[in-house]
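Chemist: next input, structure requested:
(one chain, ligands or ions: 1)
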Amino acid sequence: MKIYIANMGKEMKILVINSGSSSIKYKLISMKKEEVLAKGLIEKIGSKDALLEQKTFHGKKYKDAREILNHEQGISLIIEMLLNGEYGVLKNINEIDGIGHRVLHGGDKFSNPVLITEEVKDKIRECIPLGPLHNPNNLKGIEAMEKVLPNVKQVATFDTAFHQSMPDYAYIYGIPYKFYQEEKIRRYGFHGSSHRYVSEKAIQTLDNKKNLKIITCHLGNGGSLCAIKDGKCIDTSMGLTPLEGIVMGTRSGDIDPAIIFNIAKKLDMTIQEIDDMLNKYSGILGISGVSNDMRELIKAINENNPRAILAMNVFTYKIKKYIGSYLATLNGADAIVFTGGIGENSYFPRELICKDLENLGIKIDVEKNKNTILGKEGFINKKDSNIKILVLSTDEELVIARDTKDIIN
Ligand code: AMP
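Modeler: Numbers count the residues shown, from 1 in each chain. You can find the predicted model right below:
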């Protein structure tokens, strides 16, 4: 297990890129003290009024709409903005030591971050059938960056990589084996960088004890849980795609697959319509009819909206059941970690999830829980709780920056 501490040695600046279909998010991180020098977002790539927003550590903000027709133009603009005399943070392009890319799907080809080469790009391309919405856009970001900064080393960190240590009985679906052999259909898991980051932080917080058993709950708009033993993932709630698992902001999570055939026949819905329904219009949004956003949901609960209350109950009950199943998988646990936008900031769902689990050794301290919000980290369990409960903030970009630094070094 590798434990990270901020490197006080040579200054290095790493640019982290998360390239989507019509957006690119970026962060420039100085690795000496692991400080964010600048972060930004380009949206609506492909349009005449694409949006660019950048903020820097010295408080400069830039916002503009302009024509950005493709990813290469977007990447060029990011570099231009980082070098901008008034709004930028770099004097010279050579100050960027490395570029780290978030790549969604590494299939079973990548269990670690890697230096990007032609062979690596081919393998990312081979994983497109598994991540058809993300991998092509991740590749666009990589290729655009290669054109704009051809001499800077690039690294890919995969959302799936941390989960490659799952045993076969955890990742094989109960369908004919040939679908695994021929189509690579199996469970892969996602949010790997976040689960890895917060579990490493938890291990440090628990005095680097050996063989720790940890259940990490990444609860954001998307969400997943992970069962971790001695720093290695042994099970996780997402599957072939991020649709499986807990109920999320707009995704259904686990459902009876027969629902799909049932509504396809009865309502004459197409595969694409059902795909959209399950990914975009289900989950907290679909049940409550209010919003996918936890803040809006809680507002509606405070107004006694019955469907908002139901959505919260479904959301937290499902997570409780996953925690129960991972306690069985791990044969007990030392700690449960909450992270992600909801996990870090919203005390009410954490209270509902952990309530009435005393017989399993989980005792939440309601007051501590209420006070651990908005960037605060720490233990929220009672003193006599056998299983520690921790709130830790995640930082997926920092994981990618650290991976990039390690690899290019
Ligand atoms: P993420 O996808 O990790 O950015 O998380 C987004 C989710 O976190 C949304 O459902 C937000 O409503 C929720 N969230 C963020 N900040 C807060 C907050 N202060 N209180 C409650 N929920 C929050």
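Chemist: ok, H195 to N359 distance?
Modeler: Distance from H195 to N359, counting by CB to CB, to the nearest Å: 27 Å. The way it works is simple: take the backbone N, C-alpha and C, and place the C-beta from them, glycine included.
Chemist: bridging residues for the residue of the stretch 1-150 of the chain at minimum distance from the ligand?
Modeler: For the stretch 1-150 of the chain, the residue closest to the ligand is K25, as judged by CB to the nearest ligand atom, at 11.7 Å. In this entry, K25 is beta-bridged to N18, L41, by DSSP bridges.
Chemist: show me the contacts for the residue nearest the centre of the chain.
Modeler: When CA atoms, centre = their mean is applied to the chain, the residue found nearest the centroid is H191 (3.6 Å). Contact partners of H191, counting by CB atoms under 8 Å, 6 or more residues apart in numbering, are D159, H218, G222, S224, C226, M238.
Chemist: the same query, at a cut-off of 6 Å, please.
Modeler: By CB atoms under 6 Å, 6 or more residues apart in numbering, the contact set of H191 is H218, S224.
Chemist: how close does it get to the ligand?
Modeler: For H191, the distance to the ligand equals 10 Å [CB to the nearest ligand atom, to the nearest Å].
Chemist: work out for me the element the spatially most distant residue from the centre of the chain sits within.
Modeler: Distance from the C-alpha centroid of the chain peaks at K266, with 35.5 Å (CA atoms, centre = their mean). Using DSSP states H and E, K266 falls within helix 258-267.
Chemist: so what touches that helix?
Modeler: Contacts with helix 258-267, where a contact means CB under 6 Å, 6+ apart, come from M269, I274.
Chemist: pLDDT of the helix or strand following that helix, averaged?
Modeler: Next in sequence after helix 258-267, counting helices and strands by DSSP H and E, comes helix 271-280. Helix 271-280 shows a mean pLDDT of 96.
Chemist: what do you get for stretch 157-175?
Modeler: 98.
Chemist: how about it and the ligand, touching?
Modeler: No: against the ligand, stretch 157-175 shows no contacts by CB under 6 Å from any ligand atom, the least distance being 13.6 Å.
Chemist: tell me the pLDDT of the residue nearest to the centre of the chain.
Modeler: Listed pLDDT for H191 reads 96.
Chemist: for E11, same thing?
Modeler: Predicted confidence (pLDDT) at E11: the value is 84.
Chemist: where's it relative to C127, distance?
Modeler: 35 Å.
Chemist: same check, this time on F348
Modeler: Counting by CB to CB - F348 and C127 are separated by 38 Å.
Chemist: can you map out the strands along the stretch 101-250 of the chain?
Modeler: Counting by DSSP state E, counting those that start in this stretch, the stretch 101-250 of the chain has strands at residues 114-115, 153-158, 213-219, 223-229, 232-236.
Chemist: adjacent strands (with direction) for the last one?
Modeler: Strands flanking strand 232-236 in the sheet, each with its direction: strand 223-229 (antiparallel) (DSSP bridges).
Chemist: give me the residues contacting the partner strand.
Modeler: Contacts of strand 223-229 (CB under 6 Å, 6+ apart): 191, 195, 199, 213-218, 233-238, 245-246, 248, 322, 326, 329-330.
Chemist: could you do stretch 69-86 as well?
Modeler: Under the contact criterion CB under 6 Å, 6+ apart, stretch 69-86 has outside partners 24, 26, 42, 45, 54, 68, 88, 90, 140-141, 144-145, 147-148.
Chemist: pull out the buried positions in it.
Modeler: Neighbour counts using 16 or more other CB atoms under 10 Å place 71-79, 81-84 of stretch 69-86 among the buried residues.
Chemist: got a list of what R187 touches?
Modeler: Here R187 is in contact with Y171, G239 (CB under 6 Å, 6+ apart).
Chemist: against V399, how distant is it?
Modeler: In terms of CB to CB, R187 sits 22 Å off from V399.
Chemist: can you pull the residues of the stretch 301-409 of the chain lying near the ligand?
Modeler: G340, G341, I342, N345, S346, L374.
Chemist: which one (most neighbours) among those?
Modeler: I342 (25 neighbours; other CB atoms under 10 Å).
Chemist: so for M1, what's the pLDDT?
Modeler: Looking at M1, its pLDDT reads 35.
Chemist: whoops, I mixed them up, Y4
Modeler: Looking at Y4, its pLDDT stands at 44.
Chemist: residues touching I408, list them.
Modeler: Contacts of I408 (CB under 6 Å, 6+ apart): G98, K153.
Chemist: next one: it from the ligand, what distance?
Modeler: 28 Å.
Chemist: in stretch 40-58, what's buried?
Modeler: Neighbour counts over stretch 40-58 (16+ other CB under 10 Å) mark G40, L41, I42, E43, I45, A50, L51, L52, Q54, K55, T56 as buried.
Chemist: how about the secondary structure of the nearest residue to the first one once chain neighbours are set aside?
Modeler: Computed as CB to CB, 6 or more residues apart in numbering, the closest residue to G40 that is not its neighbour in sequence is Q54, at 3.6 Å. Going by DSSP: H, G, I helix; E, B strand; the rest coil, the secondary structure assigned to Q54 is strand.
Chemist: who does Q54 bridge with?
Modeler: Listed beta-bridge partners, Q54: G40, Y62 (assigned using DSSP bridges).
Chemist: tell me the contacts of it?
Modeler: Q54 touches A38, G40, Y62, M81, counting by CB under 6 Å, 6+ apart.
Chemist: and the residues you listed, which two are furthest apart?
Modeler: The span of the contacts of Q54, defined through CB to CB, is set by A38 and Y62 at 9.6 Å.
Chemist: neighbours of I400, how many?
Modeler: I400 is flanked by 28 other residues according to other CB under 10 Å.
Chemist: between F348 and C127, which is the more surrounded one?
Modeler: Neighbour count, other CB under 10 Å: between F348 and C127, C127 has more, with 25 against 17.
Chemist: skipping adjacent residues, who's closest to that one in space?
Modeler: Nearest non-adjacent residue to C127, counting by CB to CB, 6+ apart: G107, 4.3 Å away.
Chemist: cool, thanks, signing off.
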